[in-house]
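Requesting a structural model of the entry that follows:
(chains A and B)
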Amino acid sequence: MKRRKIKPSSIIKQIVCILLTLIVLVPCYMVVINSFKTRSESARMNLRFPDVWQFSNYLDVIQKANLLKGLLNSLLYAGVATFLGVMLCAMASFVLSRNRTKINNFIYYFIICGLFFPVNYVTLVRVFQWFHLTNTRLGIIVVYTAMMIPFCVFTIYSFVETVPKSMDEAAILDGASPMQMFFMVAAPMMKPTLVTCFILEFMGVWNDFMTPLYLSTKSNLFPVTMSVYQFFGRNTSYWNMIFADIVMTVIPVLIIYAVGQKYLVSGTNAGAVKG
Amino acid sequence: MNKKKVYPWWFVAIPLILYILFFLLPSVLGVFYSFTDWSRMTPKNGLHFVGLKNYSEIFSGKSQYANGILNTLKFTIISNIVKIIPALFLAILLQESVRGKNFYRTVFYLPSILPFVVIGLIFTSVFNYSNGLLNNTLDFLHMGFAKQKWLSDLHVVWKSVYMVDAWRGIGYVMTIFIAGLNAIPKEYYEAARIDGANFWQRLRYVTLPMMRGAIMINVVFGVTYGLKVFDIIYVLTNGGPGHATEVITTYVYELYGSGKYGVSTALSSLLLAVSAVVGFLIVKQMRTKEEDAA
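This is a model prediction of the structure:
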């Protein structure tokens, strides 16, 4: 039997890839393995298996770090804000893309400008006082929704061009209201881009740290990123606990990533090809 | 049929209002407040116009803030170079027939979905001088001479920040490049090969010109990210050692914390101005492109 010839260049490529994989995965492995150690073992931060697996670390963290509260807050913020944001932006982008009047074109570019602008949190705190939104969950949700508008409109707008127009008018002629037409006819055809936006923005909100840093002074409003950081601040040398906290924080994002990977990659693709 | 009936204006209204009230209004207000002595004391003393005082405080020789602006620009340029160039080669590598390339793509993308806070905390541990993973690994490889105080040595700390940022971001940039590469027709490479072009010539005359869209996207995302960078620096170094790694946003937060809202908003407004110029150039580019296409 003849062995397949292996080119030296492909060996080098494999070595590069394996090295990079290690660089990515070893820190992650370190976090997971050390989250099962005792405090003194984890202080050495090595990659060995724990002498005794300390599963109780996770229970401790859940109790001490206010983790469940944080997870629920994050879920609420990311879930509600992203759902609202994507839906509202889908409706807006649909109309902006289909009915390109002068004013609509202006509105489109006006909104797109937000892709580049930083949020001024200091004055946002002031605006919050005017609207009596200070330290409320509603306020945080509204801000997240507002912040995702430029990106969602940008992404959905370009997708709407690929959705056939012919059905729109037909539905209206059949007596549907614009609302019904949008949700029954147009939105289902926009599903790929809506899912992509939802995943990206959900992860964006979940990972966000700056908004709660400025806008919530009450710890019961903290999302999980804030509670992890606070926990680290109070227990700087308890790496086993910190790592357990980190693992729990990341699991939901990993699940979303695993479920939505297909949409995520096709979403980035669409942007790149269009340029 | 009347377009207004099929595509009603009020579909646009709610997002537009939210965007204006909670995104644009704070920025515009920030410019207004940057000319006042707005501070924690304002409720007692009242608000006064002070002209350019806040700005002159930023640029006066005594303050560190100007340095924060320079650091932001430096970070924006360097962090993008160290991500975009390796990501391009990685994308080319993973576009060719490498065994397990789908696995590698998934793994390399993974860090970019993790929260910055978590990445910051992980690398606080990895960079620990006496027990951290990085120095331990160097010891293990008998490369003790390369050990560093990664986060407390003035001359090393920026390199550590760039390393972490690259660790997080290269996979994302790479994914966009791979999409760009997939869109290049194979015949171009075949033609180049028949003409006897080597790897670098193919890169220079086929890949790069055809990838203009993907490169553009990466530069746009990268620049806007770089100008706004906050989380990773706040968690990793908190601007330290000393003020070595302060950027605009970390100063904005510090000034907010110490109640000097006027100077804080002045710094934000400078950031807004830079971002607006960059954004304007990009949107202009997009519009001309659209008109060309039409």
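
which non-adjacent residue is nearest the residue in the stretch 101-250 of chain A positioned nearest to chain B?
Among residues of the stretch 101-250 of chain A, the one nearest chain B by C-beta to the nearest C-beta turns out to be A:Phe116. It sits 3.0 Å away. The way it works is simple: take the backbone N, C-alpha and C, and place the C-beta from them, glycine included. In space, and not counting its chain neighbours, A:Phe116 is closest to B:Gly279: 3.0 Å by C-beta to C-beta, 6 or more residues apart in numbering or on different chains.

so who does residue 125 touch?
Because you didn't say which chain, this covers chain A. Taking C-beta atoms under 8 Å, 6 or more residues apart in numbering or on different chains as the criterion, A:Val125 is in contact with A:134, A:214-215.

should've been chain B
B:Ser125 makes contact with A:30, A:45, A:239, A:242-243, B:132-133 under the criterion C-beta under 8 Å, 6+ apart.

run the last query once more with 6 Å
A:Met45 (C-beta atoms under 6 Å, 6 or more residues apart in numbering or on different chains).

Tell me if it really is in a strand.
No: the assignment for B:Ser125 is helix, going by DSSP: H, G, I helix; E, B strand; the rest coil, so no strand is present there.

how far away is it from A:Met147?
From B:Ser125 over to A:Met147 the distance is 30 Å, taken as C-beta to C-beta, to the nearest Å.

what do you get for A:Asn99?
With distances taken as C-beta to C-beta, A:Asn99 is found 26 Å from A:Met147.

Flag every residue of the stretch 51-200 of chain B that's near chain A.
B:93, B:98, B:104, B:107, B:113, B:115, B:117-118, B:121-122, B:125-126, B:131, B:133, B:175-176, B:179-180, B:183 (C-beta under 6 Å from any C-beta of the partner chain).

can you give me the helices in the stretch 101-250 of chain A?
A:102-112, A:121-130, A:137-160, A:166-173, A:178-181, A:187-189, A:191-207, A:210-215, A:224-234, A:239-274 (DSSP state H, counting those that start in this stretch).

one step back: so which elements touch whichever strand or helix holds the residue nearest to A:Phe116?
B:Gly279 belongs to helix B:261-293 when elements are defined using DSSP states H and E. Helix B:261-293 makes packing contacts with helix A:121-130, helix B:25-33, helix B:53-59, helix B:212-228, helix B:248-257 when contacts are defined by 3 or more C-beta pairs under 6 Å, 6 or more residues apart in numbering or on different chains; DSSP states H and E.

how about those helices in JSON lines, adding distance to B:Phe199?
Conversion of these to JSON lines gives the following (distance: least, C-beta to C-beta, whole Å):
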{"stretch": "helix A:121-130", "distance to B:Phe199": "47"}
{"stretch": "helix B:25-33", "distance to B:Phe199": "46"}
{"stretch": "helix B:53-59", "distance to B:Phe199": "48"}
{"stretch": "helix B:212-228", "distance to B:Phe199": "18"}
{"stretch": "helix B:248-257", "distance to B:Phe199": "40"}
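
so which of these gets nearest B:Thr137?
Proximity to B:Thr137, assessed across those by C-beta to C-beta, is greatest for helix B:212-228 (28.6 Å).

Can you name the element that comes right after that closest one?
Sequence-wise, the next helix or strand downstream of helix B:212-228 (DSSP H and E) is helix B:231-236.

so where is the chain shaky, pLDDT-wise?
In the absence of a named chain, chain A is used. Counting by pLDDT under 70, chain A has low-confidence residues at A:1-6, A:265-275.

nope, chain B
Scanning chain B residue by residue, the ranges that satisfy pLDDT under 70 are B:1, B:289-294.

what do you get if the cut-off is 80, keeping everything else the same?
In the predicted model of chain B, residues B:1-6, B:42-46, B:61-63, B:96-97, B:144, B:282-294 satisfy pLDDT under 80.

so which residue of it comes closest to chain A?
Using C-beta to the nearest C-beta, the closest approach of chain B to chain A is made by B:Gly213 at 2.2 Å.

I'd like the distance from that residue to B:Trp9, if you could.
B:Gly213 sits 32 Å away from B:Trp9, going by C-beta to C-beta.

Give me the more crowded residue out of these two.
Looking at B:Gly213 and B:Trp9 with other C-beta atoms under 10 Å in any protein chain shown, you find the greater number of neighbours at B:Gly213, namely 18 against 14.

okay, now the domains of chain A?
A:8-56, A:58-274 (automatic domain parsing).

got CSV for the ones you listed, with distance to B:Val206 too?
Below are those laid out as CSV (distance: least, C-beta to C-beta, whole Å):
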stretch, distance to B:Val206
domain A:8-56, 19
domain A:58-274, 17
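
Quick check: which of the ones you listed is buried the most?
Between those, the one whose residues have the most neighbours on average, counting mean count of other C-beta atoms under 10 Å in any protein chain shown, is domain A:58-274 (a mean of 19).

one step back: could you dump the contacts of A:Val125 to TSV with distance to B:Leu271?
Putting those into TSV (distance: C-beta to C-beta, whole Å) gives the following:
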residue	distance to B:Leu271
A:Thr134	24
A:Tyr214	15
A:Leu215	19
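
nearest to A:Phe55, of those residues?
Nearest to A:Phe55 out of the contacts of A:Val125 is A:Leu215 (C-beta to C-beta; 35.6 Å).

how about the closest one, what does it touch?
With contacts defined as C-beta under 6 Å, 6+ apart, the neighbours of A:Leu215 are A:Ile140.

how does it look with 10 Å?
A:121, A:124-125, A:128, A:133-136, A:139-140, A:143, A:221 (C-beta atoms under 10 Å, 6 or more residues apart in numbering or on different chains).

Just the CA atoms of stretch B:121-128, as PDB, please.
Below are the C-alpha coordinates for stretch B:121-128, written out as PDB (Å, rounded to 0.1, in the frame of the first residue of the first chain):
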ATOM      1  CA  LEU B 121      -9.700  38.900  34.500                       C
ATOM      2  CA  ILE B 122      -8.300  35.800  32.800                       C
ATOM      3  CA  PHE B 123      -5.300  37.700  31.600                       C
ATOM      4  CA  THR B 124      -4.800  39.400  35.000                       C
ATOM      5  CA  SER B 125      -4.100  35.800  36.100                       C
ATOM      6  CA  VAL B 126      -2.100  34.800  33.100                       C
ATOM      7  CA  PHE B 127       0.200  37.800  33.400                       C
ATOM      8  CA  ASN B 128       0.800  37.300  37.200                       C
END
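
from the chain's centre, how far out does it sit?
Using C-alpha atoms, centre = their mean, to the nearest Å, the mean C-alpha position of stretch B:121-128 is found 21 Å from that of the whole chain.

same deal with stretch A:24-44?
Shown here is stretch A:24-44, whose average C-alpha point lies 25 Å from the average C-alpha point of the whole chain (C-alpha atoms, centre = their mean).

what's the span of it from first residue to last?
According to C-alpha to C-alpha, to the nearest Å, stretch A:24-44 extends 20 Å from its N-terminal end residue to its C-terminal end residue.

And for stretch A:30-50?
Terminal residues of stretch A:30-50 are spaced 11 Å apart (C-alpha to C-alpha).
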